[in-house]
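Student: The sequence isn't on hand, but the structure is:
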Ligand SMILES: NC(=O)c1ccc[n+]([C@@H]2O[C@H](COP(=O)([O-])OP(=O)(O)OC[C@H]3O[C@@H](n4cnc5c(N)ncnc54)[C@H](O)[C@@H]3O)[C@@H](O)[C@H]2O)c1
């Protein structure tokens, strides 16, 4: 199969959808890999490195026009819409339930689009989202520690303390992938860490793997109120799948928090778990409400593209190899994890929530496959 790797043109996006190591794996399996010139630069991969791996460096037009399977990181943006076409399979983060113009562009083009974020295991896990949660979780205490420094507007406390001086207190709300990773780094920094969770099973699991190193508390409105009052750094890491994050930290609670404490609301991409959270960017990551510094960057992994690119491609490559080996139709038939990833097939919307969100026609994937739309 001829596999294209396009350069990301969305502002502040430095990741690339395939590493040179991934390119070599594909080339060794007999596929042709075309990488857009300069596409790896933001992740510290040179064109030379791709060529040494057996890929060819190509122009943007060549990559989009000649590829059978096109790999990207972010969804196509308006200047890329004219490049979408029938016969092409696109594999990328799409998030089209929130993007009607892109949904229409995909449908009208006749393309097949598989979204990283809806690839799903039989246990309901989202394997292509997990590494970004791991990274955001690990970044959260780092960002929080930075903004706790006095010159940055914070309380002026060192999370690790020193001998004879107490460490800082970190409260993590939500003990899933983000929360666990945030706790591990905060513990490593020497902070005193509390995780508030709602799932008893998850708390039992966290107890086993973090035994003695964190305090685990059942999350409730009262417990959140008491815990955040005592915290130097609060990390918001809750998720209710498919829903907006619950507003667990209310405006009233801020008034009782320590002056110049920091809230890192990782759940901001689902609306945030504090009433006062609103999305920020890496250019202007923080703002202050009632004396509490809010860090609410919606794409935290974008700050560390060298790590993020590798972590993303580690998990996407097996699916890429599968699509390349079997062809898109057989890969979808063969792999029940890949099938829910298909949002659009041959220009038909095959993901019900997307069709519903925009009031457009829905074609069940099996019907699209049976109709041979690709
Ligand atoms: N800002 C970013 O750059 C970025 C990056 C990655 C992920 N995220 C977001 O971070 C959030 C967490 O993601 P995740 O992968 O850890 O999800 P997850 O499903 O692994 O974990 C969420 C946890 O929250 C818990 N929870 C739900 N309601 C709760 C409550 N009321 N109190 C306490 N805990 C509660 C759940 O039991 C679960 O363990 C999501 O909104 C995700 O989209 C943001």
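Tutor: Arrived safely, thanks for sending. As the structure is a computational prediction, the values presented were derived from the model and not from experiment.

Student: Now tell me what touches stretch 315-333 from outside.
Tutor: Residues outside stretch 315-333 that contact it (Cβ atoms under 8 Å, 6 or more residues apart in numbering): 1, 3, 17-18, 22, 25-26, 29, 31, 69, 71, 89, 91, 112, 114, 116, 119, 127-128, 130-131, 334-335, 337-339, 341-342, 365, 369, 374. (Glycine included, C-beta is placed from N, CA and C.)

Student: And the helix or strand hosting residue 181, what does it pack against?
Tutor: In this assignment (DSSP states H and E), residue 181 forms part of helix 177-188. Under the contact criterion of 3 or more Cβ pairs under 8 Å, 6 or more residues apart in numbering; DSSP states H and E, helix 177-188 touches helix 130-147, strand 169-173, strand 192-197, helix 200-210, strand 233-236.

Student: Reformat these as JSON lines; add mean neighbour count, mean pLDDT and distance to residue 97.
Tutor: JSON lines is the format used below for the helices and strands packed on helix 177-188 (neighbours: other Cβ atoms under 10 Å; pLDDT from 0 to 100; distance: least, Cβ to Cβ, whole Å):
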{"stretch": "helix 130-147", "mean neighbour count": "23", "mean pLDDT": "98", "distance to residue 97": "18"}
{"stretch": "strand 169-173", "mean neighbour count": "28", "mean pLDDT": "98", "distance to residue 97": "26"}
{"stretch": "strand 192-197", "mean neighbour count": "24", "mean pLDDT": "98", "distance to residue 97": "28"}
{"stretch": "helix 200-210", "mean neighbour count": "13", "mean pLDDT": "97", "distance to residue 97": "26"}
{"stretch": "strand 233-236", "mean neighbour count": "30", "mean pLDDT": "98", "distance to residue 97": "23"}
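
Student: mind putting the ones you listed in TSV, distance to the ligand included?
Tutor: Formatted as TSV, those follow (distance: least, Cβ to the nearest ligand atom, whole Å):
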stretch	distance to the ligand
helix 130-147	3
strand 169-173	5
strand 192-197	5
helix 200-210	5
strand 233-236	8
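
Student: Now do the same contact list for the residue in the stretch 151-300 of the chain positioned nearest to the ligand.
Tutor: Closest approach of the stretch 151-300 of the chain to the ligand (Cβ to the nearest ligand atom) occurs at residue 176, with a separation of 1.6 Å. Residues counted as contacts of residue 176 (Cβ under 8 Å, 6+ apart) are 133, 202, 237, 238, 239.

Student: Could you single out the nearest of those to residue 188?
Tutor: residue 237 (16.7 Å; Cβ to Cβ).

Student: ok, how many other residues are close to the closest one?
Tutor: 30 (other Cβ atoms under 10 Å).

Student: what is residue 263 paired to in the beta sheet?
Tutor: residue 234, residue 294 (DSSP bridges).

Student: got a pLDDT number for residue 242?
Tutor: On pLDDT, residue 242 comes in at 67.

Student: So which bits of the stretch 251-374 of the chain are right by the ligand?
Tutor: Contact residues, the stretch 251-374 of the chain versus the ligand (Cβ under 6 Å from any ligand atom): 266, 267, 268, 269, 270, 298, 299, 300, 301.

Student: The same query, at a cut-off of 5 Å, please.
Tutor: By Cβ under 5 Å from any ligand atom, the residues of the stretch 251-374 of the chain that approach the ligand are 266, 267, 269, 270, 300.

Student: cool, the stretch 51-200 of the chain as well?
Tutor: Counting by Cβ under 5 Å from any ligand atom, the stretch 51-200 of the chain sits next to the ligand at 132, 133, 136, 174, 176, 177, 178, 197, 198, 199.

Student: so what's the nearest residue to the third one once chain neighbours are set aside up against?
Tutor: For residue 136, the nearest residue in space outside its immediate sequence neighbours is residue 300; the separation is 4.2 Å by Cβ to Cβ, 6 or more residues apart in numbering. Taking Cβ under 8 Å, 6+ apart as the definition of contact, the neighbours of residue 300 are 135, 136, 139, 140, 143, 266.

Student: Residue 19 now?
Tutor: Applying Cβ under 8 Å, 6+ apart, we find residue 19 in contact with 40, 43, 45, 309, 310, 313.

Student: Which SSE is immediately downstream of the strand or helix carrying the fifth one?
Tutor: Applying DSSP H and E as the criterion places residue 310 in helix 305-326. Sequence order places helix 328-334 as the next helix or strand after helix 305-326, per DSSP H and E.
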